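here is a sequence with its predicted model. Questions after.
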Amino acid sequence: LYLVKPESHLLDTSAAIATSIAMIVATWVIYHLLCRWLADDRHLTAIGVVLIVAGSAGVCALYTGRGAFLQMGAMLGTTMVANVFFVIMRAQREILSAIARGEDPDPRWSARAQRRSLHNNYLTLPVLVCMLSPHYPLLYGSRHSWGVLAALMLAAALARHAVNRYQAGASPWPATSGCVVVIAAIFAAITPSARAEATAATGLAEVRAVVDQRCLPCHASAPTYPGMPSPAAGVALDSNDDVIRWAPRIWDRVAVSRTMPLNNVTQMTDAERALIGRWFESGTPTY
């Protein structure tokens, strides 16, 4: 439900999970080999940017927007953990062992650990952005979600670079300016377009009919959707009071970001989304 696109003809649940795990492992292996083969960080960075953009396009093509953002976060986050476990901690052990034997430590271990630590430093904010993305459906619900994902990671890396330069006593403003420009571009891309004024009023009864058919399977006190033991996200829409209480969230997820119903499993139509949009945008939803 969270990972597989409903229209996907490539992946069923098992294949989606297997592909996800395979990509997490492959990300570390490819990155680790590139680090060993490429001594110049500029070349490594250039190839890394290309791979991240390609990876963003790939995961967004395979999975739902929500699943794709989390998948990218898992791929990069696992790489960070592997850096610590396989390289940084090993380097520390090798250096301490050499000192214990009364020998000079091999400087290559220190260089490797420092390089991977620097990479982890720059990956921290991109991973954090990916892992927090489920709270912001406008991001992963965009038609161009792969571009939004790649741009978000670029903005996060620029923000990290600005902090690093500031802490080193250098000017952070070039990186900060770049970060602001990228974020502004993302906002421009995901901001919903203006809607035409409603030509007819929409009442709660019409909205209630849509909610009962399209939302209640997951958002009832006793959901009927298979495998859903309780109301999704704690949102129950059994009564009219419930619908009015959650009206801003319904409008945001249904009419603006269009990320609900999740994967559109209940096949809500564009006309029904527009109806809910008119109802909310016409004023404070009431009876």
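Received it, and whenever you're ready, just let me know what you need.

show me what contacts the residue lying closest to residue 215 once chain neighbours are set aside?
Spatial nearest neighbour of residue 215, excluding adjacent residues (Cβ to Cβ, 6 or more residues apart in numbering): residue 237 at 5.6 Å. C-beta here means a position set from N, CA and C on the backbone, and glycine is covered the same way. Shown in contact with residue 237 (Cβ atoms under 8 Å, 6 or more residues apart in numbering): 211, 215-216, 219-220, 243, 246, 250.

give me the phi and psi angles of residue 237.
phi -120, psi 40 (degrees, to the nearest 10).

residue 182: how many residues sit nearby?
When neighbours are defined as other Cβ atoms under 10 Å, residue 182 has 20 of them.

how about the one 4 residues further on?
Using other Cβ under 10 Å, the number of residues around residue 186 comes to 21.

stretch 57-71: end-to-end distance?
Stretch 57-71 stretches 12 Å from its first residue to its last (Cα to Cα, to the nearest Å).

how far does that stretch sit from the chain's center?
Stretch 57-71 has its C-alpha centroid displaced from the chain centroid by 8 Å (Cα atoms, centre = their mean, to the nearest Å).

which parts of it are buried?
By 16 or more other Cβ atoms under 10 Å, the buried positions in stretch 57-71 come out as 57-60, 62-71.

nearest to residue 15 among the residues you listed?
residue 62 (9.7 Å; Cβ to Cβ).

chain center to the helix or strand harbouring residue 16, what's the gap?
According to DSSP states H and E, residue 16 maps onto helix 13-37. In terms of Cα atoms, centre = their mean, the gap separating the centre of helix 13-37 from the centre of its chain is 18 Å.

same thing with stretch 127-144?
4 Å.

switch the contacts of residue 237 over to TSV; also include distance to residue 37 and secondary structure.
Compiled in TSV, the contacts of residue 237 are given as follows (distance: Cβ to Cβ, whole Å; DSSP: H, G, I helix; E, B strand; the rest coil):
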residue	distance to residue 37	secondary structure
211	56	helix
215	52	coil
216	55	coil
219	51	coil
220	55	coil
243	58	helix
246	53	coil
250	52	helix
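
greatest separation within the residues you listed: which pair is it?
Going by Cβ to Cβ, the pair spanning the contacts of residue 237 furthest: 220 and 250, at 14.2 Å.

narrow the contacts of residue 237 to just the buried residues.
Counted by 16+ other Cβ under 10 Å, the contacts of residue 237 give 211, 215-216, 219-220, 243, 246, 250 as buried.

tell me the one of the residues you listed nearest residue 28?
Distances from residue 28 to the buried ones among the contacts of residue 237, taken by Cβ to Cβ, are shortest for residue 219, at 38.5 Å.

what sits against the closest residue in space to residue 3 that isn't next to it in sequence?
Leaving aside its chain neighbours, residue 3 sits nearest to residue 67 (4.0 Å; criterion: Cβ to Cβ, 6+ apart). Taking Cβ under 8 Å, 6+ apart, we find residue 67 in contact with 2-4, 59.

mind listing what the spatially most central residue of the chain touches?
Nearest to the geometric centre of the chain sits residue 69, at 2.8 Å (Cα atoms, centre = their mean). When contacts are counted by Cβ under 8 Å, 6+ apart, residue 69 touches 130, 133-134, 139-140, 145, 149.

just residue 218 next, same as before
Per Cβ under 8 Å, 6+ apart, neighbours of residue 218: 225, 228, 231-232, 261-262.

again, only this time at 10 Å
1, 224-225, 228, 230-233, 235-237, 260-262, 265-266 (Cβ atoms under 10 Å, 6 or more residues apart in numbering).

repeat that for residue 133.
65-66, 68-70, 72-73, 139-140, 145, 148-149, 152.

which residue packs closest to it, ignoring adjacent ones?
Excluding the flanking residues, the one nearest residue 133 by Cβ to Cβ, 6+ apart is residue 69, at 4.0 Å.

how about the helices in the stretch 1-150 of the chain?
13-37, 41-62, 65-82, 89-100, 107-132, 137-140, 145-167 (DSSP state H, counting those that start in this stretch).

between these, which one is closest to residue 276.
Between those, helix 137-140 lies closest to residue 276; by Cβ to Cβ that is 14.9 Å.

pLDDT of that closest one, averaged?
Across helix 137-140, pLDDT averages out at 89.

picking that back up, other SSEs contacting the helix holding residue 16?
Helix 13-37 is packed against helix 41-62, helix 65-82, helix 107-132, with contacts defined by 3 or more Cβ pairs under 10 Å, 6 or more residues apart in numbering; DSSP states H and E.
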